[in-house]
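In: A predicted structure for the sequence below; I have some questions about it.
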Number of protein chains: 2
Amino acid sequence: MASTASSLFTLSIAKPSSLHRDCFFIRLRSSNSISMCSEGFVTRSSVDLIRSGLSVSQARSPIRARATTQVMDQSVGEAGSKAPTIVEVDLGDRSYPIYIGSGLLDQPELLQKHVHGKKVLVVTNTTVAPLYLDKVVDALTRGNPNVSVEHVILPDGEKYKDMDTLMKVFDKAIESRLDRRCTFVALGGGVIGDMCGYAAASFLRGVNFIQIPTTVMAQVDSSVGGKTGINHRLGKNLIGAFYQPQCVLIDTDTLNTLPDRELASGLAEVVKYGLIRDAEFFEWQEKNMQALMARDPSALAYAIKRSCENKAEVVSLDEKESGLRATLNLGHTFGHAIETGFGYGQWLHGEAVAAGTVMAVDMSYRLGWIDKSLVKRVHDILNQAKLPTIPPETMTVEMFKSVMAVDKKVADGLLRLILLKGPLGSCVFTGDYDRKALDDTLHSFCKS
Amino acid sequence: MASTASSLFTLSIAKPSSLHRDCFFIRLRSSNSISMCSEGFVTRSSVDLIRSGLSVSQARSPIRARATTQVMDQSVGEAGSKAPTIVEVDLGDRSYPIYIGSGLLDQPELLQKHVHGKKVLVVTNTTVAPLYLDKVVDALTRGNPNVSVEHVILPDGEKYKDMDTLMKVFDKAIESRLDRRCTFVALGGGVIGDMCGYAAASFLRGVNFIQIPTTVMAQVDSSVGGKTGINHRLGKNLIGAFYQPQCVLIDTDTLNTLPDRELASGLAEVVKYGLIRDAEFFEWQEKNMQALMARDPSALAYAIKRSCENKAEVVSLDEKESGLRATLNLGHTFGHAIETGFGYGQWLHGEAVAAGTVMAVDMSYRLGWIDKSLVKRVHDILNQAKLPTIPPETMTVEMFKSVMAVDKKVADGLLRLILLKGPLGSCVFTGDYDRKALDDTLHSFCKS
């Protein structure tokens, strides 16, 4: 590979929609230039290049990869603070960076350059506020006396992701006389990010917002891509908006305070990226799941970065979920049914997704679309992550069916599902499947 | 003018932002072609052309005017049904037509071509439902058995434009198992349009919607341009979204059942267009206000069309209200304070806007920005429309100030206002004014 310690070069990845999902055009712009199409990631050296963001960063080799995702890894800065890895979400005039790294909340300039007005509202919860609220307020205001920061602390948990709790954000924003130039900051996990984002989308018909995710779940998935919303008593995320943040700031140090169960929950989404579109990432996970569970910093950082790259690429290609983006919901239709039927907050989102993924994989196998060995690998990796592989005992076939009937992926009465099909890393989003396979899966996982 | 009974020609109106607001480039494409710039509407024949949409329509001379707004008037169709006047709101891939005419609800194809899925939810209120719900359901389903129509009937009035009432729309949509391909139809006045639009923007993160406005207020203003939302107890329209409909269908026959007070309320917005950007329209109104109050069909149709053209042009140039669009809020900052302070629903929106317009004009005069004669003309035309020209007696200076402090046009603490400046038809949107003039205006209109 032509990279040297001091060279800067551009890597372009184009993916014409007419090609097979594993097929890319790759071009390196520097002294060397290649252009080719291949199954998977072109060549071994290209794969290593794409994978090696963090180690290259540590070796002081700046890389800029630009296409549907942009990655910039930089060396340790002069002041001793590490420059973040940057994954760019490419959405035209709504593009934004995801900053990933250790100690980023100690670098006020990262946040401050995305705050345009004079007032900020930090939205957080009772668990996260004692840990990180002061740190975030400091990052927003240090050397920046013109900015005033208000905050609202919501109760913690999925069961509070509702309209009553959302109204507390509006109440605080209005009582604080925030105006259109204010910025909302989501500090917390997926529930806080989704609620704060929807509040920002709706307050005065839309104000700036910034995501500071503090869970693996939010860092690898929910904070990226602009899906915001709240639950309705009859279903998850039924009320919301597509609304993109100004930036996402992932300080991996915040994971130090994350409970084990929350950590594992987030890994369910990491596994998802491997299954639906990134076989090499799945294989890496199979080898590194113990390191992830043991919170090995470099393993976690790599998993977050690679997940954000996958998410950013999908969102760039299909922001409003007209097709491709729906594949990110592998296991989620079954999972949402578990969350709704079992009661919000009984299981964590990733736990429900894990069981839902096993069900989707089971159904894919019943349809004859995947090999039996893949069913086993999915069980094994989720077991390694200590995630559930069956739904709660109280879930019935009828409970699944009634919740799945109001899923957002129903179109004109037809429930479309994300199912694996073909070799590892391949999936389909389809309503064209044998209903009997769905019935058989539900009956095999439910006692009644 | 080169128009003949059978000729079709194109009228282009370009308005470079660097030009004075009354200055247009106009080009006619047919056998003749002119291109020029002038104060006002170029030449008398051009003015007549632009103004004569309806009479030209009746004379069977099709006209297509395309620029920031598009107008197509067509002759009486073969089946005897009148083709509508069409004003196009030009917003790239979110462009849509406004259909204006008599008997449009008897032309099912107009609505049906904008319904994409199989399910429709009509959102209306207790006043409008007995009058037009059956007619709309018939228009949606006649010859179209695949479409099923649900409806939700909300209580009538501005005081119900709140989150609790909005939730009834979501409840109905979810209980009816509507999916992403459904269409919401707003049937009613501004409150219904704003609420239905915000519900459509938020349900499943966005579904199609159609506006069928049944009041002058909604037909000339609120149904066009995609502003949707609800009130908060501390201020009007503080929660909402910019979300554009698939089409706006204005059946002028629905005005036959409109109470006089509602009719007059809508005329406050018609007057607004004249004052801020269309001097000739204001002069036409001065001559035709009695005809409008007497519900002369051709006068009303012309006022609606001309208002929609003005609105469409402004929205096309500034969808998200970064500047120009704010000028449509002449009188609204004072008016919103009246609505909020006096209690939603005590005065109609247009009544509050009328009094607010007089206050904005008073302040403009105190600043030395307009001639005294214009102050009198505004009083006179609003008096002709039987609209209030002073706020309710119970409003105090403090009430105005506290509500105006949370107005959406506040930026970094500075309240920006729309004020008249210069000759009739000229205004500014500015925070750069002497605070004393605002204080003097408030004290002169309030007893305490």
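Out: In hand now; what should we look at?

In: can I assume A:M395 is in contact with A:E339?
Out: No: between A:M395 and A:E339 there is no contact under CB atoms under 8 Å: 10.6 Å. Bear in mind the C-beta positions are built from the backbone N, C-alpha and C, glycine included.

In: between the two, which has more neighbouring residues?
Out: Neighbours per residue, other CB atoms under 10 Å in any protein chain shown: of A:M395 and A:E339, the larger number sits with A:E339, 25 against 22.

In: so which helix or strand takes in that one?
Out: In the assignment (DSSP states H and E), A:E339 maps to helix A:332-342.

In: quick one: that helix near chain B?
Out: No: contact of helix A:332-342 with chain B (CB under 8 Å from any CB of the partner chain) is absent, the minimum separation being 11.4 Å.

In: what residues does that helix touch?
Out: A:158, A:231, A:234-237, A:346-347, A:349, A:352-357, A:359-360, A:391-392, A:394-395, A:399-400, A:403-404, A:407, A:409, A:415, A:417-418 (CB atoms under 8 Å, 6 or more residues apart in numbering or on different chains).

In: now it: mean pLDDT?
Out: If you average the pLDDT over helix A:332-342, you get 93.

In: which parts of that helix are buried?
Out: By neighbour count with 16 or more other CB atoms under 10 Å in any protein chain shown, helix A:332-342 contains the buried residues A:332-342.

In: what do you get for stretch A:138-155?
Out: A:139-141, A:147, A:149-154.

In: and the contacts of helix A:332-342, which of them are buried?
Out: Buried among these (16+ other CB under 10 Å): A:158, A:231, A:234-237, A:347, A:349, A:352-357, A:359-360, A:391-392, A:395, A:399-400, A:403-404, A:407, A:409, A:415, A:417-418.

In: chain B next: which of those residues are close?
Out: Among those, chain B is touched by A:234-235, A:237, A:409 when using CB under 8 Å from any CB.

In: out of those residues, which is nearest to chain B?
Out: Of all those, the one with the least separation from chain B (CB to the nearest CB) is A:L234, at 4.8 Å.

In: what's near enough to touch the closest one?
Out: Counted by CB under 8 Å, 6+ apart, A:L234 has contacts A:340, A:403, A:406, B:174-175.

In: what does A:K161 give?
Out: Here A:K161 is in contact with A:191, A:194-195, A:230-231, A:344 (criterion: CB under 8 Å, 6+ apart).

In: in the stretch 301-448 of chain A, what residue is nearest chain B?
Out: For the stretch 301-448 of chain A, CB to the nearest CB, closest residue to chain B: A:V410, 4.3 Å.

In: domains in chain A, by residue range?
Out: A:85-258, A:310-445 (the TED database).

In: which one, of the ones you listed, ends up nearest to B:L258?
Out: domain A:85-258 (28.0 Å; CB to CB).

In: mind checking the pLDDT average for that closest one?
Out: Domain A:85-258 shows a mean pLDDT of 96.

In: relative to chain B, how far out is A:Q285?
Out: Separation of A:Q285 from chain B (CB to the nearest CB, to the nearest Å) stands at 30 Å.

In: name the nearest residue to that residue, ignoring sequence neighbours.
Out: Closest residue in space to A:Q285, ignoring its immediate chain neighbours: A:G274 at 5.6 Å, by CB to CB, 6 or more residues apart in numbering or on different chains.

In: what residues are up against A:L110?
Out: Per CB under 8 Å, 6+ apart, neighbours of A:L110: A:84, A:99, A:104, A:139, A:247, A:249.

In: mind checking the SS state of the fourth one?
Out: On the three-state scheme (DSSP: H, G, I helix; E, B strand; the rest coil), A:A139 is labelled helix.

In: just give me the neighbour total for the nearest residue to it once chain neighbours are set aside.
Out: Distances taken as CB to CB, 6+ apart put A:P108 closest to A:A139, at 4.7 Å, once the chain neighbours are dropped. Using other CB under 10 Å, A:P108 has 16 other residues around it.

In: touching, A:P108 and A:K135? I think so.
Out: No: counting by CB under 8 Å, A:P108 stays clear of A:K135, with 10.4 Å between them.

In: can you classify the nearest residue to A:S202 once chain neighbours are set aside as helix, strand or coil?
Out: Counting by CB to CB, 6+ apart, A:S202 lies nearest to B:I239, which is 5.0 Å off, once chain neighbours are set aside. Classification of B:I239 by three-state DSSP places it in strand.

In: kindly state the beta-bridge partners for B:I239.
Out: Per DSSP bridges, the residues bridged to B:I239 are A:F203, B:I230.

In: next: A:A411.
Out: A:L414.

In: residues near it, how many?
Out: If we define neighbours as other CB under 10 Å, then A:A411 has 15 of them.

In: ok, the nearest residue to A:G190 once chain neighbours are set aside - contacts?
Out: Using CB to CB, 6+ apart and skipping the chain neighbours, the partner closest in space to A:G190 is A:S222 (3.7 Å). Counting by CB under 8 Å, 6+ apart, A:S222 makes contact with A:189-190, A:193-194, A:213.

In: same check on A:T127?
Out: A:156, A:188 are the contacts of A:T127 under CB under 8 Å, 6+ apart.

In: same question for A:A385.
Out: With the criterion set at CB under 8 Å, 6+ apart, A:A385 makes contact with A:264, A:267-268, A:271, A:289, A:292-293, A:354.

In: switch to 6 Å and redo it
Out: A:264, A:267, A:289 (CB atoms under 6 Å, 6 or more residues apart in numbering or on different chains).

In: out of those, who's near chain B?
Out: Among these, not one lies near chain B by CB under 6 Å from any CB of the partner chain.

In: in strands, which of those residues appear?
Out: When those are checked against strands using DSSP state E, none is located there.

In: now A:F209: phi and psi?
Out: Dihedral pair for A:F209: phi -150, psi 160, per degrees, to the nearest 10.
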